[in-house]
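Undergrad: Sequence first, then the predicted structure:
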Amino acid sequence: MRKIIILAIILSSITISYKLIEQHFDKKNLPIDLDENYIQNIIENVEYKSQDSKGNKFIIRAETGEIDYNKDNIIYLTNVSAKIILTNSQDITITSDFGKYDNLNYDTIFSKNVIIKYLENNIKSDYMDFSINRNTMIISKNVVYSNLENVIKADVLEIKIDSKDAKIFMYKNKDKVKMKSKNYNGNN
């Protein structure tokens, strides 16, 4: 009986000590070094450059970048601007609020307030998947394409970067791509 009481007192002491230690080291009381490691994960004024085998260049800049702890080749970007410098054509510029860049294959996701400009063509959307390796820009979510003559609204616009071939479509076959001529005067 005496051994049981002593064992109960020891277990109670350990439990109370553990709870006191746990309260002392809550998130507010973490050592400064741990917080600084997180802050060091943020990079300011980010710039990455890449080039494909045809000589086309891709430059991406962002106000900030945060390296993914689980995949250090992934960088999450804010206030993003990019330029695609094509060897056989005019440059393409892209801006967005956010981005996700893979520094192994250079694939980039642009999201929120995406704006793409090429010559007199402007495209706005909420999402774009850009891949040098696939040679594509897949633009989706509230796509609005405009040039000097037309405004087109669709779900998806897929563009081959080197040839500028484009497919524009809706997710559902029953839905129609909406197109409006800027020069429509009732006599066309």
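TA: Sure, I can see it. Residues are numbered from 1 along each chain as shown.
Undergrad: Helix or strand with the lowest mean pLDDT in this protein?
TA: helix 32-39 (a mean of 45; mean pLDDT, DSSP states H and E).
Undergrad: just the strands in this structure please.
TA: For the chain, the strands defined by DSSP state E occupy 42-51, 57-67, 74-85, 92-102, 108-118, 121-131, 136-146, 150-160, 166-169, 178-181.
Undergrad: Give me the contact list for the first one.
TA: Yep, that's strand 42-51 we're talking about. Applying Cβ atoms under 8 Å, 6 or more residues apart in numbering, the contact partners of strand 42-51 are 57-67, 75, 77, 101, 103, 106, 132. In short, each C-beta sits where N, CA and C put it, glycine included.
Undergrad: Pass me the low-pLDDT residue ranges in the chain, would you?
TA: Low-confidence segments of the chain (pLDDT under 70): 1-40, 184-188.
Undergrad: thinking again about what came up before, dump the strands of the chain into CSV; add mean neighbour count as well.
TA: As requested, these are exported to CSV (neighbours: other Cβ atoms under 10 Å):
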stretch, mean neighbour count
strand 42-51, 13
strand 57-67, 18
strand 74-85, 19
strand 92-102, 19
strand 108-118, 20
strand 121-131, 19
strand 136-146, 19
strand 150-160, 17
strand 166-169, 14
strand 178-181, 11
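Undergrad: mind checking how far the closest residue to I138 other than its chain neighbours is from D107?
TA: With sequence-adjacent residues excluded and distances taken as Cβ to Cβ, 6 or more residues apart in numbering, I138 is closest to D129, at 4.4 Å. Plainly put, D129 is 7 Å away from D107 if you go by Cβ to Cβ, to the nearest Å.
Undergrad: Is the residue nearest the centre of the chain bridged to anything, and to what?
TA: The centre of the chain sits closest to G99, judged by Cα atoms, centre = their mean, with a distance of 2.4 Å. The residues listed as beta-bridge partners of G99 by DSSP bridges are L77, F110.
Undergrad: domain parsing for this structure?
TA: When the chain is parsed with automatic domain parsing, its domains come out as 2-30, 43-181.
Undergrad: Against V156, how distant is the nearest residue to N142 once chain neighbours are set aside?
TA: Leaving aside its chain neighbours, N142 sits nearest to D126 (5.1 Å; criterion: Cβ to Cβ, 6+ apart). From D126 across to V156, the span is 12 Å (Cβ to Cβ).
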